[in-house]
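# Sequence first, then the predicted structure:
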Amino acid sequence: PPPAMPPAPPLYSLVEVPAVPGSAQVSYQYMQRYPASNAIDGNPNTVFITWTALRQNQWLSVQVPSGTRIGYIAVFNRNDGEQYRAWLSPYEVWLGSAPGETGMQHMCGLGQPQNAPVASGLGPFMTWCDARNDLNWVTILIRRGRDRYLAFGEVKVFMTPDPPPSPPVPNPPPSPPSPP
């Protein structure tokens, strides 16, 4: 079996990094009333919706400021119907240098698709992204092959503090005196 991640810390203990305003992009917007910007508006009750993943992958990408040490990604599912909540799982979380599939470079969550327990509630469903600070686009992806839509309430990015500096290297002990 794939390695298991330890449970994520409570949200109140994490530092949220707001997405760059206007950065949310999707593979294909289903309707104007469900724009990508709903995924980063701070309201998990608004949803964005892409087109169906039956024949092509569907994704949402958001940008965070350059140099952000990305720790956890939280996905809050939609709350308007059990049948719609099931669309989320499985999904993948990627970091990249550009939005969408062309920019994806690092798969989060130990390199595994995420199987959110959608029947247990709206989340947040947390994915660890290895404290990378060299990629500033976060992409949530569902793979083609099933008639489902990428549609959820909110995505939040949480930073990991920079690691503490290494302790100073102690000076070597003095050399013993030379014999006479």
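It's in.
# what are the ranges of the strands in this structure?
Under the criterion DSSP state E, strands of the chain are mapped to 15-17, 25-26, 48-52, 58-63, 70-76, 92-96, 104-107, 125-132, 137-142, 149-152, 154-159.
# Serialize the ones you listed to CSV and add fields for distance to residue 84.
Quick note: C-beta positions are derived from backbone N, CA and C, even for glycine. Shown next, in CSV, are those (distance: least, C-beta to C-beta, whole Å):
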stretch, distance to residue 84
strand 15-17, 25
strand 25-26, 16
strand 48-52, 9
strand 58-63, 14
strand 70-76, 13
strand 92-96, 19
strand 104-107, 25
strand 125-132, 15
strand 137-142, 13
strand 149-152, 6
strand 154-159, 15
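# In TSV, list those along with distance to residue 36, mean neighbour count and mean pLDDT.
Below are the strands of the chain laid out as TSV (distance: least, C-beta to C-beta, whole Å; neighbours: other C-beta atoms under 10 Å; pLDDT from 0 to 100):
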stretch	distance to residue 36	mean neighbour count	mean pLDDT
strand 15-17	18	14	96
strand 25-26	4	21	96
strand 48-52	5	21	95
strand 58-63	6	25	98
strand 70-76	14	23	97
strand 92-96	16	23	98
strand 104-107	17	18	95
strand 125-132	19	19	95
strand 137-142	11	24	98
strand 149-152	10	25	96
strand 154-159	10	23	97
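# Figure out which of those strands is closest to residue 114.
strand 125-132 (5.6 Å; C-beta to C-beta).
# just to revisit the earlier point, for the strands of the chain, which one sits closest to residue 177?
Residue 177 lies closest to strand 125-132 among the strands of the chain, at 48.2 Å (C-beta to C-beta).
# partner strands of that closest one, parallel or antiparallel?
Taking DSSP bridges as the criterion, strand 125-132 sits next to strand 70-76 (antiparallel) in its sheet.
# Which of the strands of the chain sits closest to residue 7?
strand 125-132 (8.2 Å).
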